[in-house]
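Q: got a sequence here, can you build the structure:
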Amino acid sequence: MAKKLKTKTQDIRKLSDEDLVKQLEEAHRRLFSLRLQKETHQITNHRELPRAKRLIARLKTILRQRQLAGIGEAQ
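A: Numbers count the residues shown, from 1 in each chain. This next block holds a predicted model:
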């Protein structure tokens, strides 16, 4: 399973900053939709909620790493 996550992270790192922001917005919309489905008891796979949260965290982490790398290069 760790290999699968590593590949997904590597794929995310290949994206541009604009694409990362778009992916993050899409992931937030997906999480909202899943939360709505959960509250209305329409969700079929309950494991989708943690996956969506992890994806958001992964995207935010990579964006933050790029910001810090940019700050470090500027100084």
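Q: which parts of this structure are helices?
A: 2-13, 17-39, 48-74 (DSSP state H).
Q: got the buried residues for the last one?
A: This means helix 48-74. Under the neighbour-count criterion of 16 or more other Cβ atoms under 10 Å, helix 48-74 has Glu48, Leu49, Ala52, Leu55, Ile56, Arg58, Leu59, Ile62, Leu63 buried. Glycine gets a C-beta too; all of them are placed from N, C-alpha and C.
Q: repeat for stretch 22-32
A: Here stretch 22-32 shows Gln23, Leu24, Ala27, Arg30, Leu31 as buried, counting by 16+ other Cβ under 10 Å.
Q: which one of the buried residues of helix 48-74 is nearest Arg13?
A: The closest of the buried residues of helix 48-74 to Arg13 turns out to be Ile62 (Cβ to Cβ; 6.1 Å).
Q: wait, what's in contact with the nearest residue to Leu63 once chain neighbours are set aside?
A: In space, and not counting its chain neighbours, Leu63 is closest to Leu20: 5.5 Å by Cβ to Cβ, 6 or more residues apart in numbering. Listed by Cβ atoms under 8 Å, 6 or more residues apart in numbering, the contact set of Leu20 reads Ile12, Leu59, Ile62, Leu63.
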